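A.B. asks: sequence and predicted structure, then a few things I'm wondering about:
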Amino acid sequence: MRRDRRPHALAWWLWGIGLATAALRTTNPILLVGLGTIALAVGWACRSAAPWGHSVGVFLRLGLIVIALRVLLQLIFGERLPGHVLFTLPSVPLPSWAAGVSIGGPATVEAILTALVGGLRLAVVLVAFGTVNAVASPRELLRSLPAMLHEVAVAITVGFCFVPEVMNAMARVREARRLRGRPTSGLAGWRGTAVPVLEDALERSGQLAASMGARGFGRAGAPRAPWIRRAGWACSVGGVLGVVVGAYGILAGGRSVPLPGVLCVMGAVLLWAGLAAGHRRSVRTRYRPQPFGLRSWATALSGWLAVASFAIVTALGSHAIVWTPYPLAWPSVPVIALLGIILAAVPIVLVDQSTPTVRRQAKARREQVSA
Amino acid sequence: MISFEDVSFRYSGSSPWVVRHLDLVIDEGELVVVVGPTGSGKSTVLAMINGLVPHLTGGQIAGEILVGEQSTLTTVPSELASLVGYVGQDPQAGFVTDRVEDEIAYAMENLGIEAVAMRRRVEDALDLLNLHDLRDQPLTTLSGGQQQRVAIAAVLAASPALLVLDEPTSALDPGAAEEVLHALTRLVHDLGMTVVLAEHRLERVLPFADRVVSLSNEGEVTVGRPAEIMASSPLAPPIVELGRLAGWNPLPISVRDARRSAPELIEKLRAHVPAPPVHDESVRRASLRRVDVEFGALRALDEVSVELHEASVTALMGRNGSGKSTLLSLLAGSRKPTRGSVEVGGREPVHLSPDDRIRLVGYVPQEPGDLLYAQSVTEECSTADAEHGLAPGTTAAVVRELAALDDTSLHPHDLSEGQRLSLVLGIVLAPRPNILLLDEPTRGLDYEAKRRLVAMLRALRDDGITIVLATHDVELVASVADRALVLAQGELIADGDAREVVSQTPAFAPQVAKVLQPLRFLTVDEVRAAL
Amino acid sequence: MIRGLRPLVGLLGATTIVAALPGAAPAAAAASQLVAVVIDFGPGGPAPLVKCVDISGQGQVSDLAVVNEALSAAGEAEAGLRSDGLVCSFDAYPGPGASLCPSGSNAAYWAYFTGTANGWTYANVGPASHVASVQSTVGFRYESDGRATAPSEIANPATQCPVAASVTPTTALPVAPIAGSTTHTTQVGGSVGEPRALTTTTVKSMTKAPEKQGRSDTAHVAKDPTAVALSHSSSSSSSGSDPGGSAVPTVIALGAFALIAGGTAYVVRRRRAT
C-alpha cells in the first residue's frame, strides 16, 4: 500500500488507546475475550514486515503470563472469596498481626473467575499495545509529530534505538565469550559482557551524534527575541503543571470532572504556545509526510466504537458491562456491545501493510524453498 | 575547494600530536585518496574537513582549515552539511531512521529541501547505488555491504559539493566495491563533485584516484599523482610492488597499465611457473556432511559437505550473505545444522563443554574487540590464563610472539586494528587448539599488518594447525590459502586448490594473476622467487 | 502545521470525553434506591427489625447512617456509640446509649454483616466507614457470647426490598468488583476475641445523619482500603435486573469472534500470496 494511503501512525495509537479504554471499562469476560481477539486479528493482518512486527506475539505471551500469575496469586494469597468450592489448598494459619493476608484455603470458582477477569483486562491492554507497536512503531509516530517537537522526538527515537542495539551487542559479545570458553553467567560473566557492551554503546552514540551532525541535524534558523523565549519557558512550565494537575484530577475519581478537564485542556494549550514560542524557526521539511486522511480517521474512530457501545448499553440500563461472579451466571452479551467490538476490526479491510517489494520477495523465497 | 594551512591537532594536552603542521590543498572536481598506515591520522584528517574535529571530538587544534571559503573552526558541522557529506567507518551506527528511503531523505529534510525535489533525488540515489529492491526494508535487516551503500546514498542524495568517505568499501565484496567506486567516479566526472576518501585496500581505489595524499606515522605528508606517490610509499598494492620489482617506469596504477608493460615479464617467467604444491591429505580434523541450515524460510546453507585436514589453510569465499559466517558458526559450535552432521575432532562441536571447545576450536570473530574487556593488555592475558587453566604467563608469551606490542599497559580499545587482532589471536591460540577459525581478519588492516598476519598464519600451518578463513580479500587468499571453497546462496559451487579456484574467475583473481595472464602467478612473492 | 495538529486535537477531545463519561452515569439514576436494614436482637431480645430505606438523593451514605434512618423512621432510638465509635446499642438494646458496651467482662457485642445474594458475610470495616450500596442489606446481630452468627431470620438477604425499576450503578468506573470483592468468609466459630470489625475508621461518609455517628478517631483495621468503593458496586450489580443466565449469548458471541478470526486468516493468506 502506498505510504501516503496508510493510516497515520497517530490514528493507530488512538485506535489502540480506544481498545485499551474499552477493556478497562468492562469486566464482562466475553466482551474482554472479544476485544482481545479483535486486537490480535488486526495485529496479524496489518503488522508490518519489519522486525518489530513480532511484537504482537511477544505481548500476547506476556498477557497470558499475566493471566496465569493473577490466578495463581489469587489462589495462594488472595482474599477468600465465597462461592462454589472447587478444591481446597492447604491453608497456613497466620498470626493476628497478619490478619489481612490469607494463604491457601478453599479455591472457589468465583475467586478464580475474578482473578481471570482481572488478568484478562490487563492482557487485552497489553495485546492492544503490542498490536499498535507492530503496526505503527513508535518511531513512525515520533516522525509525524509537529516540527516544534522535533528535537524531543529525535531524543526519544534515539532512546528507542538504544535498547535493541544493546541487546544485539550483548548477544554478540555473549556468543564470542561462550566460544572462548569464558563464563557467560554469574558475576564474572556479567562483568565480562557488560564492559564491552557499554563501551560499544558509548562509541556508537558518539558515531550517531557525528552522523546526525554531519547531515545537518540541529540547523537552526534565526533565534527569536529573548523576551519571547522567556515567555515561552514560562508558558511551557505552566502548561505542564496544568496538564499534570488536570490529569490527576480526572483520574483520581471524584465527581467534579469539568474542572480538571478544563485545567487539562488549558494546560495543553499553554504548553503548545510555550513550545511554539521557544522553537527556533526551523527550515525542516518532511519527506513523504503521512496525511491524516479518511482512512486514518476511520481507523482512529473504530477503536472507540467499543467504548461508545458500552456507554450506550449502560445508559440503557443493562448491567452486562459490569459483570461479577456474584451471582454466578453466564454473562450476557448485549448486541450493541458486540457490534461495537466487532467494528473495531475495521482496519483489517482498510489496510494492507505489505508493500510490493515485500510481496515479491516473499514469493521469491517461496519459490526458492520449493525449488 | 579545501585548504589546510599549518594545521596541528591533538586530542588532549598530554596525548601525542595526531597531525603536525599539515599543509594541503584539494581542488574542485578531484578524487583524492588518503593513504597511510593505521594510526597515522587518516580518519582525523577526514573528520577535520567536516568540522567534526574539533567540534564534536574536542581537542586542541591550531591552524586554519577552509572548506569552500568557510572556516571549519568557526562553523559547526550542521551548518557545513549543505556543502560537505560525510560517511563514517561504521555506517550502521550512524542510522537515524527505520527504513532505507527515510534514511536517504534524512539529510535533505534537515536542509529544508522541498518535497518534490526530495522525492526525485531519493530515486536518483537509489538508482546510483542499485538499492531499488531494498527501498522499503528496515535498516536492521540489511547486510553490512548493503548498509554501507545506503549510508553513501544518504549522503549523496543531498548533492553536496564535497564528499568525504572513511573506508567506504571495507564491508563490500569486490563486485560491490567496484560498483560503488564506479558510481563515485561518475559523479566526479559528470557533476564535478570533489571526493576525498581513505582506504586501506588500495588495489581497489588507486585506478580511480586523481591524486594521493600519503600520511606517515611521523606526521609527514606527501601529495602527488598516484604514480609518483607509489614510487616511494611503503604501502603499495600488489601491482605497484610488481612494477617496482620489474622496474617498470612509469609505475602502473591499474591492471590495464600493468598489462601494457607486462609482455616482457611474461616471456621471462614462462619457464618458471611455480608448480602447484602437494597437499598432505592426512589426518582429517573436521567435517561437515550434507549440512543444511535454515532460518525460517531462508536457507543459509544447502547440502554442504566439506572435509578439513591438519596443516592446511582453507579459504571461504563468496559474496556477502552467501553463508560464510554460518558455516564458521557451525564449526565453532554456536549453531546446530537443521540437517546433516558436523564433526570436529570426532565430536559434535555443539555438545562440547566450554573447556573442551577452546582446546579444540579457536574462533576469532569479525569484531575482535568483542572478546576483550579488561583494562590493559597484561590484565587480558592474565585473566585468559586463569580462565583457561593455563600456567600464568602462557598467553602473554604467545601474544608477545604475535604482536609488536611495546606498551602492554595500553587499554585494549586503544590499540590499532592490527594489534587488537594479534592480541585476540594470541588469546585464542594460547590453549593450543587444533583448528583456528577467522572471520574477515583483514578488515581494517593495512598492508604491513596483513603481511605480518600472513607470516603468522603460515607459521601456524607449519605447526600443524587447521585454519579456516572467511574473507573477501583475494590477495590474502592468494598468499596463504591452500584450498578455497566458494559459496553462493548457501551452495558450495567450488571446492579445490586455492590457486586454481582463484585464477579461474575474473572476479576473484588477484591483481598479479590478472596482469600475468595466462601464466599462473598469484602473488608478487612468487614472481620474486621465480626471477 | 494546523493540519498536523488535527489528530492531536482529536486525542485531547477523546480524553475529555472518556473522563466525562462516568460523570454521565449518575445523572441517569433517577429511580428510588433502597437499602435493607436487618437488626437481629439475638435470642434474648425483641423481634428482629427489618426495614427498607430509600437513600436516593442523599449522595453517599454510610451503613450506620442508613440504620439510624431506619430506626428513627420506626420511632426507635438510634445507635448508641462508644467514645471510640464502637456501636454499643440499637434501639437502646441492651442498654440505652453507651451504657452496656462490650468490655473484658462482657463479651457480648453487635456483629455487623453485609448481605448479598449468597448470604451474609462478616464485614471487616466499621459501619460508619462502609458506604451503603443500593439493594444490599445491612445486618446486625447481638451475640451474647461474643461469637459472630449471622442474623438468622433472613435466608436471602438480598431480596428484602422491592426491586426498583431502573437502577444504574452509582459508582464511576466499575473497576471495583475485580480488584477484590469485599465479601469475606463468614467466621463461623472463629476466634473472635475482640470485635475488631466494629472499631470505626476515619470517616469518609458524607451524610446528613445526626452527630452521634461519624467520630473519626481510632485505629483502622480495614483489610482493604478500597473496600469502601468496592462493596458498592459489587452488591449493586449482583442484584441487577439482568436476565443473563443462559449460555446462548456467550456461544453466539464466541462464534462471532471465531468467524472474524477465520476471516482475518483468509484475508491475510490472500494478501500474502499475491
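C.D. replies: Right, received. Where do you want to start? Numbering: from 1, shown residues only, chains lettered A, B, ... in the order given.

A.B. asks: is it true that residue A:241 touches residue A:266?
C.D. replies: No: using Cβ atoms under 8 Å, residue A:241 makes no contact with residue A:266, being 10.6 Å away. For glycine as for every other residue, the C-beta is placed from the backbone atoms N, C-alpha and C.

A.B. asks: close to chain C, is stretch A:216-234?
C.D. replies: No: contact of stretch A:216-234 with chain C (Cβ under 8 Å from any Cβ of the partner chain) is absent, the minimum separation being 14.7 Å.

A.B. asks: how about that stretch, which residues are buried there?
C.D. replies: For stretch A:216-234, burial by neighbour count (16 or more other Cβ atoms under 10 Å in any protein chain shown) applies to A:216-219, A:224, A:229, A:231-232.

A.B. asks: check stretch A:188-201 too.
C.D. replies: Neighbour-count burial for stretch A:188-201 [16+ other Cβ under 10 Å]: A:192-193, A:196-197, A:199-200.

A.B. asks: name the nearest of these relative to residue B:57.
C.D. replies: When the buried residues of stretch A:188-201 are compared for distance to residue B:57 (Cβ to Cβ), residue A:199 wins out at 16.8 Å.

A.B. asks: quick check on residue B:214: phi, psi?
C.D. replies: phi -110, psi 120 (degrees, to the nearest 10).

A.B. asks: contact partners for the closest residue to it other than its chain neighbours?
C.D. replies: Once flanking residues are discounted, residue B:214 sits nearest to residue B:222: 4.7 Å by Cβ to Cβ, 6 or more residues apart in numbering or on different chains. Residue B:222 is in contact with B:213-214, B:229, B:232, counting by Cβ atoms under 8 Å, 6 or more residues apart in numbering or on different chains.

A.B. asks: apply 10 Å and report the result again.
C.D. replies: Residues near residue B:222 by Cβ atoms under 10 Å, 6 or more residues apart in numbering or on different chains: B:35, B:212-216, B:228-229, B:232-233.

A.B. asks: could you do residue A:104 as well?
C.D. replies: A:75-77, A:80, A:88-93.

A.B. asks: PyMOL command to pick out the buried ones of the residues you listed?
C.D. replies: Here is the PyMOL command that picks out the buried ones among the contacts of residue A:104, judged by 16+ other Cβ under 10 Å:
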select buried, chain A and resi 75+80
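
A.B. asks: distance of residue B:432 from residue B:95?
C.D. replies: 41 Å (Cβ to Cβ, to the nearest Å).

A.B. asks: what about the two, which has more around it?
C.D. replies: residue B:95 (23 against 13; other Cβ atoms under 10 Å in any protein chain shown).

A.B. asks: against residue B:341, how distant is the nearest residue to that one once chain neighbours are set aside?
C.D. replies: Sequence neighbours aside, residue B:139 is the residue nearest to residue B:95 in space, at 5.0 Å (criterion: Cβ to Cβ, 6+ apart). Noted for residue B:139: a distance of 36 Å to residue B:341, by Cβ to Cβ.

A.B. asks: neighbour count winner among the two?
C.D. replies: Neighbour count, other Cβ under 10 Å: between residue B:139 and residue B:341, residue B:139 has more, with 21 against 12.

A.B. asks: which residues touch the more buried one?
C.D. replies: A:50, B:91-92, B:95-100, B:102-103, B:146-147, B:150-151.

A.B. asks: now, among those, which is nearest to chain C?
C.D. replies: When the contacts of residue B:139 are ranked by distance to chain C (Cβ to the nearest Cβ), residue A:50 comes first, at 15.3 Å.

A.B. asks: report the secondary structure state of the closest residue to residue A:150 other than its chain neighbours.
C.D. replies: Leaving out its chain neighbours, the residue that sits closest to residue A:150 by Cβ to Cβ, 6+ apart is residue A:284, at 6.4 Å. Assigned state for residue A:284: coil (three-state reduction, DSSP: H, G, I helix; E, B strand; the rest coil).

A.B. asks: how many neighbours does residue A:284 have?
C.D. replies: Close neighbours of residue A:284, defined as other Cβ under 10 Å, add up to 14.

A.B. asks: render the CA-only coordinates of stretch A:119-127 in CSV, please.
C.D. replies: Only the C-alpha atoms of stretch A:119-127 are listed here, as CSV (Å, rounded to 0.1, in the frame of the first residue of the first chain):
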residue,chain,number,x,y,z
GLY,A,119,-5.8,-10.7,34.3
LEU,A,120,-7.8,-10.6,31.1
ARG,A,121,-8.3,-6.9,31.3
LEU,A,122,-4.6,-6.3,31.6
ALA,A,123,-3.8,-8.8,28.9
VAL,A,124,-6.1,-7.1,26.5
VAL,A,125,-4.4,-3.8,27.2
LEU,A,126,-1.0,-5.4,26.6
VAL,A,127,-2.2,-7.1,23.4
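
A.B. asks: lovely, talk soon.
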